[in-house]
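1. Sharing a model that was predicted from the sequence below.
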Amino acid sequence: MPDTKTTHVRYLIVLMLFIASTFSYGDRVVLSIAGVALTRDLHLDALRMGYLFSWFSWAYVVAQLPAGGLLDRFGSKHVYGASIVCWSICALLAGFTGYLPAVAAFYTLFALRLLSGLTQAPVFPGNGRIVAAWFPAAERGRASAIFNSSQYFALVLFAPIMGWIVHKWGWKQCFWFAGPIGLAFSAVWFKVIYDVKTHPRISQQEIDHIEQGGGLANLDGKTRAGGNTLTWAAVKWLLSNRMLAGIYLGQYCITTLTWFFLTWFPIYLSEARHMSIVKVGFLAALPALCGCAGGILGGVVSDRLLRAGRTLSFARKTPIVIGMSLSMTMIACNYVSTQTAVMLFMSLAFFGKGFGALGWTVISDTSPKGLVGLNGGLFNLIGNMAGVTTPIIIGYIVKHTGSFHDALIFVGATALLAIIAYLPIVGEIKRVEMNPALIQGTGV
């Protein structure tokens, strides 16, 4: 029975999403920070390292639709919790590949990154789904910005730690650090996370506040009772919606920026700007800290615009356009020589990327009520195709030109494309009305 006093359990829920997402991105950061030592030990060139970075995303992308369907069918708590356990085990095992011969180590690490990508697929569709259930519309911008800022905070937290571990002991120990802390957190997840109406600590006043503000408090009960949402008809229907298609394209562009910073940025600082691995670990955290601040501020600004009476479209698009415009300043790094100027422009670009990263807020605002998980999975699938293409494209550019000059132009240009996606393509932002015939008893 819910308590009669006023509660704010939803803040605890978004904190859990932030921590889980930080650990998820931390698992991805491990490889980029360990990359300099790992390429030396396994004798990898830039293109092979790009493939190693990208194969996590191949698996992550392929698993998005099944993950969204599983979330809609079985609920967020158990699917998401199992994801945390599985990726933590993959990280733990990855450390042991260092004891294998170089070729065997590469392919074993390659396989473990594939498995890690598969198991992390439910994280962000789950985040979007939980926020849609637990938060009224006027609070979703901040809530989504908080969990989305984890991608920056992961670099702030883990880059210095991993850089120090690599310097002190080696790259294997980075994975041995990441795995156990994920397993410990999974125990906390299962104890804290519940559906809105079954949480033992929530009050009726908080439930009413969520529902009256547009929160989908009955989301899990309705979808599990309604049948399977993972059908080709549902996927085609979502893709045929122009507004959603524009949002998907915008997310691909924004995620290109994310994957540059998560994969090649530390190597850029080391190889193009001649910084030591310890210095890279600490300096990589500075732009990430700016991204974290920008991510939270973007959500706050968006929600304030909404409460001030601005339309949903204006409130969501304004931070996106401003943020992506700031992200393009990274191209200026090609024309400066000092490390201070490079870090200044990268910090400004990372702040802008965070400020404009409102895609998950928009998905919570627009998803059809019966397809929140599937739409989040499709959105994340298309967005994270950038995780496949970005490391390989940059690796190809660096290998064939010998510099990062054109790579920075490529990443900056995608920020411009994100603006184009959200302005003329998306149009008015509003919730898509659900077609009940799309929920069927048989799936893909």
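-> The structure has been received and is ready for your questions.

2. Let me see the ranges of the helices in the stretch 301-444 of the chain.
-> 312-327, 339-355, 359-366, 372-383, 385-401, 405-420 (DSSP state H, counting those that start in this stretch).

3. Adding mean neighbour count and mean pLDDT as columns, could you present the ones you listed in TSV?
-> C-beta coordinates here come from the backbone N, C-alpha and C atoms, glycine included. Shown next, in TSV, are those (neighbours: other C-beta atoms under 10 Å; pLDDT from 0 to 100):
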stretch	mean neighbour count	mean pLDDT
helix 312-327	22	93
helix 339-355	23	89
helix 359-366	27	83
helix 372-383	28	80
helix 385-401	20	84
helix 405-420	19	92
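
4. hmm, who's touching stretch 96-116?
-> Stretch 96-116 has contacts (C-beta atoms under 8 Å, 6 or more residues apart in numbering) with 27, 31, 41-44, 48, 52, 55-56, 58-59, 86-87, 90-91, 93-94, 170-172.

5. meant to ask about stretch 405-412
-> Contacts of stretch 405-412 (C-beta under 8 Å, 6+ apart): 256-257, 260, 264, 268, 327-331, 333-334, 349, 390, 393-394, 397-398.

6. make it 6 Å
-> Residues outside stretch 405-412 that contact it (C-beta atoms under 6 Å, 6 or more residues apart in numbering): 260, 328, 330, 331, 333, 334, 394, 397.

7. Redo these as TSV? Include distance to residue 71.
-> As requested, the contacts of stretch 405-412 are exported to TSV (distance: C-beta to C-beta, whole Å):
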residue	distance to residue 71
260	28
328	34
330	34
331	38
333	39
334	42
394	32
397	36
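
8. Please flag which of the residues you listed sit within strands.
-> Assigned to strands by DSSP state E, none of those qualify.

9. Excluding chain neighbours, give the residue nearest to residue 152 in space.
-> Spatially, and ignoring its direct neighbours in sequence, residue 152 is nearest to residue 291 (3.4 Å; C-beta to C-beta, 6 or more residues apart in numbering).

10. Next, count neighbours for that neighbour.
-> 31 (other C-beta atoms under 10 Å).

11. Check which helix or strand the residue nearest to residue 383 when sequence neighbours are not counted maps to.
-> Nearest residue to residue 383 in three dimensions, chain neighbours excluded: residue 251, at 3.4 Å (C-beta to C-beta, 6+ apart). Using DSSP states H and E, the element containing residue 251 is helix 242-259.

12. rewinding a little: just the contacts of stretch 405-412 now: which is nearest residue 380?
-> Using C-beta to C-beta, residue 260 comes nearest to residue 380 of those, at 17.9 Å.

13. Could you check how far the closest one is from residue 415?
-> 11 Å (C-beta to C-beta, to the nearest Å).

14. got it, and residue 371?
-> If you go by C-beta to C-beta, the gap between residue 371 and residue 415 works out to 29 Å.

15. Repeat that for residue 427.
-> Counting by C-beta to C-beta, the gap from residue 427 to residue 415 is 20 Å.

16. Repeat that for residue 180.
-> The value you get for residue 180 to residue 415, if C-beta to C-beta is used, is 37 Å.

17. repeat for residue 421
-> Residue 421 is 11 Å from residue 415, by C-beta to C-beta.

18. likewise residue 241?
-> Counting by C-beta to C-beta, the gap from residue 241 to residue 415 is 24 Å.

19. Contacts for stretch 290-305, please.
-> So stretch 290-305 is contacted by 138, 141-142, 145, 148-149, 152-153, 315-316, 319, 347, 350-351, 353-355, 357-358 (C-beta under 6 Å, 6+ apart).

20. Buried residues, that stretch. List them.
-> For stretch 290-305, the neighbour count (16 or more other C-beta atoms under 10 Å) marks 290-299, 301-303, 305 as buried.

21. can you check stretch 71-81 too?
-> Buried residues in stretch 71-81 (16+ other C-beta under 10 Å): 71, 72, 73, 75, 76, 77, 79, 80, 81.

22. could I have it exported to CSV, CA atoms only?
-> Extracted C-alpha coordinates of stretch 71-81, given in CSV (Å, rounded to 0.1, in the frame of the first residue of the first chain):
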residue,chain,number,x,y,z
LEU,A,71,11.1,-4.2,-22.1
ASP,A,72,7.5,-3.8,-23.3
ARG,A,73,6.7,-7.4,-22.7
PHE,A,74,8.4,-8.1,-19.4
GLY,A,75,8.9,-4.7,-17.9
SER,A,76,12.0,-2.6,-17.2
LYS,A,77,13.2,-3.9,-13.8
HIS,A,78,14.1,-7.5,-14.7
VAL,A,79,15.3,-6.9,-18.3
TYR,A,80,17.5,-3.9,-17.3
GLY,A,81,18.8,-5.7,-14.2
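
23. Now that stretch: average pLDDT?
-> The average of the pLDDT scores along stretch 71-81 is 84.

24. Just give the nearest non-adjacent residue to residue 130, would you?
-> Residue 130 sits nearest to residue 76 (C-beta to C-beta, 6+ apart), 5.2 Å away.

25. how near is that neighbour to residue 268?
-> 36 Å.

26. How about residue 284?
-> In terms of C-beta to C-beta, residue 284 sits 10 Å off from residue 268.

27. now residue 29
-> 15 Å.

28. Compare those two (neighbour count), which wins?
-> residue 29 (27 against 24).

29. Return the list of helices and strands in contact with the helix or strand hosting the more buried one.
-> Assigned by DSSP H and E, residue 29 belongs to helix 9-42. If you count contacts as 3 or more C-beta pairs under 6 Å, 6 or more residues apart in numbering; DSSP states H and E, helix 9-42 packs onto helix 102-119, helix 123-134, helix 137-148, helix 150-168, helix 172-192, helix 265-267.

30. Just say which of those is most tucked in.
-> helix 123-134 (a mean of 29; mean count of other C-beta atoms under 10 Å).
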